[in-house]
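Enquirer: for reference, the sequence and a predicted model appear below.
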Amino acid sequence: MTLTSAKAVPMMGESLLEIDHKKEEKRIIPVVPAEQEDGNVEYKRQVHHAAAARLRSLATQMSFRLDQGNGVCVYQVGVEDNGCHSLLDYTSVAESARILECIGRTLNAVLLERRMIYNELIIDPDTGITQLAPPDQTLYILEPPLLGGLNTHTININQDEHKHEHEHEQTVRRNVYTRCELTIQRVETHLLDPSPISLSALTQSSSSSISDSDVTTVQDKLASASLNATAESAEDNSVATTLSARNIRIAVVGNVDAGKSTLIGTLTTSLLDDGRGKSRTSIMKHRHEIESGRTSTASTHLMGFRSTGEPIAGRDPIRANKRKTDDEIAREAHRIITLMDLAGHEKYLKTTIHGVSSGMADYGLILVNSRQPPTHMTQHHLNLCCSFGIPVIVVFTKVDGCPEHAFKQCKEEVSKMLRAPDVGKTPFSIRNEQDIETCIDKLHTLAPMLETSCVTGEGMEFLQKILFALPKRRRHEKKLNRSFEFLVEDIFNVPGVGSVVSGFVNAGELTVGSSANVYVGPTDDGTFLRTVAKSAHIARINTSHVTAGQSACLAFSLPKEVRKKLRRGMVVLKESPTSTREFDAEICVLKGEGTTIRRSYQAYVHILNVRQSAFARNIEIVNHNAIGLPPSHAATPDEEEDGIVLRPGSRAKVRFEFAKRPEYIRPGMRMLFRDGRVRGVGIITSIPKAQSVA
């Protein structure tokens, strides 16, 4: 007896898949080209009972495909790596597509298109061989995303729309060969909640069935997508806007043992400290900082909030032992808090002064160790913030286990500092949420005081709420109509890229590319280097456009022999580059230790990112009367004849001259000068003779 099952004719009631299982045919029918290792296209036969480790691997793989496609990737579900059809039914393919959509949502990506492909294969009734069907018989149906998308819609090809909708309802419950094409896009929206189905829940879901409730109607999805589109269009939620208009920059200062780095580490990682420096080690840059516990360099760290005010956990949900990167926080957050960790030791005071001068801080956090009275460094930091007009918030740290009498004495001395005439702030203790609402719009006169502990978490919730409620103080978006101005803070030489500078966009906007001609300088001789800004990054995200208010990195096309001319304190301009060695400024000598300023007085000057030694060429008293100079302004007989002497509290117009090289400065910039400690502040009024190098 001869077996003829290879050519068996389908019996009545048998489905195509049942015949196929009987024959055990191999998956040898190509429907798409073979998969490539690189690129944004990924093939998957089926995501079946995936464990947690497998889901993490799939998420990493999807992130790679999104990066390869500049934020867009395509998944072919029900397809082998060699491009052949996997011969699966609709239920298996739909469940795999659902899991992949949930994984994409955890990566801040949405499903743009979910296209089901039916009737692509047929079985020849004469030969019993599975083969490709004619193109006009293939059925394509676009289904709405299960979790909602951007532009959810339904398009039916090759047939009448209503007829296809009816056929779809009948087809999804039949065992026909099906494959699916998913188009996934990473979006720059911050109203996008995490996936409603967590990765842990996906590990428990069944891969063999999907309930009817999971597949909602097209009309419901269209209505939901319409509402989501309206809400998203009401407000600009791009990463660029978040990092500029909704980015609050806060300088964190305080004495060396106040716990600045520990507080920032606790806020950014959402994990409490162990009392032995666990939190601070996650944000410190150098080995000697970790060993000594003292911060010696200025660094910035991002803390994100959702639109509801909920802080974003700094730990990666997929890689639990790894912190989230800046780009992940920026994509997920609706509001960004940039915390600038500055040095507290007196040895690094000049680094702290430069950080406050060039940091464009909206507010300042003054950290005080509650277990001991405030030191002279706390007074210096408070005066420094007040000199730049930065509102301050006082945070008492280490309140766990602090003796009551010690904390009471510390709080009294801090209140005395705040009420001093040169500070002029009124202390205001924060005890509940109503206190936050009361003081949040009065920070120009009030100084909120909070009690926190990074070990027990006491007061951390109030601190997070007040950080989220802080209004934006510096309105950089008002400077968009000015010429592009980028302040260089650091310089890098990246292999394969070239010269890269990091800094702050102080004014204007720039679109990088082969035609983005800019001027970088001034060099030691006062000239500018003409080059091309070929690429840019903001929060480690590649972008083609930078705008005022953003911290960014720019890559330049510079030859090797020119790269050595780059230095910190330079500026990147799009037009009208000028440099000068002299400038006029109206200054005020701060009260404090005895300070005598007269002609030829030399000090270290901080003007935004510029820091250089300068000396006074000429001094002119502001608003002096006809009777004569006040006694404090007159020189003593032992001093220079007809000279003017400035002492604490004096105001004058002084012409300064840089000692080493020309710099780019313009009227209106705020300046600070020091000789060991801060001696005075002022505003640049005019530039006597600027050298044009255009």
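Expert: That came in fine, so what should we check first?

Enquirer: what about residue 496, how many neighbours?
Expert: 4 (other Cβ atoms under 10 Å). The C-beta positions use only the backbone N, C-alpha and C, and glycine is treated the same way.

Enquirer: mind listing the helices for the stretch 401-550 of the chain?
Expert: Taking DSSP state H, counting those that start in this stretch as the criterion, the stretch 401-550 of the chain contains helices spanning 404-419, 433-439, 460-469.

Enquirer: so where's the protein uncertain?
Expert: 1-26, 128, 148-175, 188-237, 316-321, 592-595, 623-642, 690-694 (pLDDT under 70).

Enquirer: returning to that earlier point: mind putting the helices of the stretch 401-550 of the chain into TSV with mean neighbour count and distance to residue 282?
Expert: Below are the helices of the stretch 401-550 of the chain laid out as TSV (neighbours: other Cβ atoms under 10 Å; distance: least, Cβ to Cβ, whole Å):
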stretch	mean neighbour count	distance to residue 282
helix 404-419	15	28
helix 433-439	15	27
helix 460-469	18	16
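
Enquirer: so which of the ones you listed is nearest residue 603?
Expert: helix 404-419 (25.1 Å; Cβ to Cβ).

Enquirer: show me what that closest one is packed against.
Expert: Secondary-structure packing of helix 404-419 (3 or more Cβ pairs under 8 Å, 6 or more residues apart in numbering; DSSP states H and E): strand 363-369, helix 376-387, strand 392-397, strand 426-429, strand 446-451.

Enquirer: now these in a markdown table, with distance to residue 557 and mean neighbour count?
Expert: What follows is these, written out as a markdown table (distance: least, Cβ to Cβ, whole Å; neighbours: other Cβ atoms under 10 Å):
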| stretch | distance to residue 557 | mean neighbour count |
| --- | --- | --- |
| strand 363-369 | 38 | 25 |
| helix 376-387 | 39 | 21 |
| strand 392-397 | 43 | 24 |
| strand 426-429 | 53 | 15 |
| strand 446-451 | 48 | 22 |
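
Enquirer: in a markdown table, list the ones you listed along with distance to residue 486.
Expert: Output for these, formatted as a markdown table (distance: least, Cβ to Cβ, whole Å):
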| stretch | distance to residue 486 |
| --- | --- |
| strand 363-369 | 24 |
| helix 376-387 | 25 |
| strand 392-397 | 28 |
| strand 426-429 | 38 |
| strand 446-451 | 33 |
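
Enquirer: residue 535 is nearest to which of the ones you listed?
Expert: Checked against Cβ to Cβ, the stretch from the helices and strands packed on helix 404-419 lying closest is strand 363-369, at 32.1 Å.

Enquirer: I'd assumed residue 274 was in contact with residue 455.
Expert: Yes. Between residue 455 and residue 274 there is a contact at 7.3 Å, judged by Cβ atoms under 8 Å.

Enquirer: tell me which of those two has more neighbours.
Expert: residue 455 (20 against 10).

Enquirer: please report the distance of the more buried one from residue 85.
Expert: 59 Å (Cβ to Cβ, to the nearest Å).

Enquirer: got it, and residue 130?
Expert: 9 Å.

Enquirer: what is in contact with these two at once?
Expert: Common neighbours of residue 130 and residue 85, using Cβ atoms under 8 Å, 6 or more residues apart in numbering, are 29, 121.

Enquirer: report the secondary structure state of the closest residue to residue 101 other than its chain neighbours.
Expert: Closest residue to residue 101 apart from its sequence neighbours, by Cβ to Cβ, 6 or more residues apart in numbering: residue 111 at 4.9 Å. Assigned with DSSP: H, G, I helix; E, B strand; the rest coil, residue 111 falls in the strand class.

Enquirer: mind listing the strands for the stretch 451-600 of the chain?
Expert: Using DSSP state E, counting those that start in this stretch, the strands of the stretch 451-600 of the chain run over 485-494, 498-507, 509-511, 517-521, 529-538, 541-543, 545-547, 551-556, 571-573, 578-579, 582-589.

Enquirer: a markdown table for those strands, including distance to residue 36?
Expert: Converted to a markdown table, those look like this (distance: least, Cβ to Cβ, whole Å):
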| stretch | distance to residue 36 |
| --- | --- |
| strand 485-494 | 28 |
| strand 498-507 | 29 |
| strand 509-511 | 32 |
| strand 517-521 | 37 |
| strand 529-538 | 25 |
| strand 541-543 | 22 |
| strand 545-547 | 31 |
| strand 551-556 | 28 |
| strand 571-573 | 39 |
| strand 578-579 | 52 |
| strand 582-589 | 59 |
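
Enquirer: looking at these, which is closest to residue 186?
Expert: strand 541-543 (10.3 Å).

Enquirer: can you mark which positions in the closest one are buried?
Expert: For strand 541-543, the neighbour count (16 or more other Cβ atoms under 10 Å) marks 541, 543 as buried.

Enquirer: now stretch 119-126
Expert: In stretch 119-126, counting by 16+ other Cβ under 10 Å, buried: 119-123.

Enquirer: other SSEs contacting the longest strand seen in the chain?
Expert: The longest strand of the chain (DSSP state E) is strand 610-621. Under the contact criterion of 3+ Cβ pairs under 8 Å, 6+ apart, strand 610-621 touches strand 602-607, strand 651-658.

Enquirer: output those strands as CSV; include the columns distance to residue 496 and mean neighbour count.
Expert: Shown next, in CSV, are the helices and strands packed on strand 610-621 (distance: least, Cβ to Cβ, whole Å; neighbours: other Cβ under 10 Å):
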stretch, distance to residue 496, mean neighbour count
strand 602-607, 35, 21
strand 651-658, 36, 20
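
Enquirer: output these as CSV; include the columns distance to residue 242.
Expert: As requested, those are exported to CSV (distance: least, Cβ to Cβ, whole Å):
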stretch, distance to residue 242
strand 602-607, 29
strand 651-658, 38
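
Enquirer: how about these, which one is nearest residue 100?
Expert: Here strand 602-607 is closest among the helices and strands packed on strand 610-621 (Cβ to Cβ), at 53.0 Å.

Enquirer: distance check, residue 415 against residue 384.
Expert: 19 Å.

Enquirer: same check, this time on residue 672
Expert: 8 Å.

Enquirer: now residue 359. Nearest residue, chain neighbours left out?
Expert: Per Cβ to Cβ, 6+ apart, closest to residue 359 is residue 340, 5.1 Å.

Enquirer: give me the element the one you found is part of.
Expert: strand 335-341 (DSSP states H and E).

Enquirer: what do you get for residue 99?
Expert: helix 90-106.

Enquirer: helices or strands next to that helix in the packing?
Expert: Checking 3+ Cβ pairs under 8 Å, 6+ apart, helix 90-106 ends up next to helix 52-68, strand 72-77, strand 109-118, strand 178-186, helix 199-204.
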